[in-house]
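>>> give me a model of this one.
(one chain, ligands or ions: 1)
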Amino acid sequence: MKILFVCLGNICRSPLAEGILKHKLKLLDLGSSVMVDSCGTSNYHIGDLPDDRTRRNAERNGVILDHRGRQLSIDDLDYFDFILAMDHSNINNILKLTEDLSVQNKVMLMREFDADKGEEVPDPYYGDEDGFQEVFDILDRSIDGFIIHLQSKGLL
Ligand code: 4NP
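Predicted coordinates for the structure are as follows:
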């Protein structure tokens, strides 16, 4: 199983989602059966570590982030089984890259799996510190829901 998280910059939301899922899979002893990665639709932060505020907040919650920013490529769309986007703008940017329906069907909004339903994972980049914990909590719940979804489909 190969899972890709996508946001705009790949320094706040998607590397955090990657870190949280890896952390949870490790605790479930499933770390080696799933490939997890993240990327951005933009090229703004290629090679960068996640934003300092994202890393600090993740560490306070027990999650260490060491991802380096990279941009989404067309090859990713074939390679990954699930492509989880943080907001509608990300989805639009991803879907522009392919007309293949079987590929488009892999693309979903992260919060489809949030028990506390919501449309988008808000972008914390231009906000204050509280926004980073809000994003952490949203992703924590959404990823729990996603793990349950995979288990219910027999994919984990
Ligand atoms: P992300 O947040 O998409 O969650 O990584 C952003 C990070 C950087 C920028 C925008 C959003 N930026 O414009 O540099």
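>>> count of residues packed around the residue of the chain found nearest the ligand?
Ranked by CB to the nearest ligand atom, the top residue of the chain for proximity to the ligand is residue 9, at 2.6 Å. In this view, the C-beta of every residue, glycine as well, is placed from N, C-alpha and C. Neighbour count of residue 9, defined by other CB atoms under 10 Å: 20.
>>> how near is it to residue 142?
Going from residue 9 to residue 142 by CB to CB, to the nearest Å gives 19 Å.
>>> in this structure the residue of the chain closest to the ligand contacts residue 126, no?
No: at 11.0 Å, residue 9 does not count as touching residue 126 under the criterion of CB atoms under 8 Å.
>>> which bits of this protein sit near the ligand?
Proximity of the chain to the ligand, by CB under 6 Å from any ligand atom, involves residues 7-13, 44, 123, 125.
>>> quick one, strands of this protein?
Counting by DSSP state E, the chain forms strands over residues 2-7, 35-40, 82-85, 107-109, given from the N-terminal end onward.
>>> turn those strands into JSON lines, columns for distance to residue 153, mean pLDDT and mean neighbour count.
Converted to JSON lines, the strands of the chain look like this (distance: least, CB to CB, whole Å; pLDDT from 0 to 100; neighbours: other CB atoms under 10 Å):
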{"stretch": "strand 2-7", "distance to residue 153": "13", "mean pLDDT": "98", "mean neighbour count": "25"}
{"stretch": "strand 35-40", "distance to residue 153": "17", "mean pLDDT": "98", "mean neighbour count": "21"}
{"stretch": "strand 82-85", "distance to residue 153": "11", "mean pLDDT": "98", "mean neighbour count": "25"}
{"stretch": "strand 107-109", "distance to residue 153": "13", "mean pLDDT": "98", "mean neighbour count": "18"}
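>>> closest to residue 55 out of these?
Residue 55 lies closest, by CB to CB, to one member of the strands of the chain: strand 35-40, at 13.8 Å.
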